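Student: here is a sequence together with a model predicted from it:
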Amino acid sequence: MGDGGSRRPLATFRGYGAFGVQVAVWKAEKGVTFSISKSYRPKDSNEWKESKSFFISDLMALSQLLIDAAGWANEYLRKESESRNQNAAGQGLQDIPESASEDYLSQDFSDEDIPF
């Protein structure tokens with residue numbers, strides 16, 4: 001995070017009729033992390049605000065966005081693992097586990113792993 005806060009997510013997911021709701025996937029030391037946000041602009045202001053509250057319609061959309069983000073992240077981790085395996089095989093190193101997502105899911109994480 002020493003880049004002055006200019007980090008960008010690997011992927012961002014929006015849609016399903018939930019205006020302003022998004023899920024972002026971030027690169028982390030131990031795989032990926034996810035952030036959920038909701039932005040809105042009040043009728044009496046031109047300034048965008050963040051909210052931690054969701055309407056039921058937001059939650060329905062958010063559940064699908066999370067499914068999409070998790071699927072994307074699993075594919076990303078699989079490809080990253082394949083790439084590491086190819087590099088390790090070329091260097092004569094031990095094999096890296098076949099499924100990065102299984103390895104990722106079995107790890108313990110702390111608040112320090114969150115990118116924000």
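Tutor: Yes, it's here. Residues are numbered from 1 along each chain as shown.
Student: for the protein, which segments are assigned as helices?
Tutor: Assigned by DSSP state H, the helices in the chain fall at 56-91, 100-105.
Student: and the closest residue to Ile36 other than its chain neighbours, what is it in contact with?
Tutor: Using Cβ to Cβ, 6 or more residues apart in numbering and skipping the chain neighbours, the partner closest in space to Ile36 is Val23 (5.5 Å). Every C-beta, even on glycine, is put in place using the N, C-alpha and C of the backbone. Val23 makes contact with 12-13, 34-36, 62, 65-66, 68-69, according to Cβ atoms under 8 Å, 6 or more residues apart in numbering.
Student: out of those residues, which are buried?
Tutor: Neighbour-count burial (16 or more other Cβ atoms under 10 Å) applied to the contacts of Val23 gives 13, 34, 62, 65, 68-69.
Student: distance check, Tyr16 against Asp68.
Tutor: 9 Å (Cβ to Cβ, to the nearest Å).
Student: same question for Ser81.
Tutor: Distance of Ser81 to Asp68, given as Cβ to Cβ: 21 Å.
Student: so the closest residue to Tyr16 other than its chain neighbours versus Ser83, what's the distance?
Tutor: Counting by Cβ to Cβ, 6+ apart, the nearest residue to Tyr16 once its immediate chain neighbours are dropped is Ala61, at 3.7 Å. For Ala61, the distance to Ser83 (Cβ to Cβ) stands at 33 Å.
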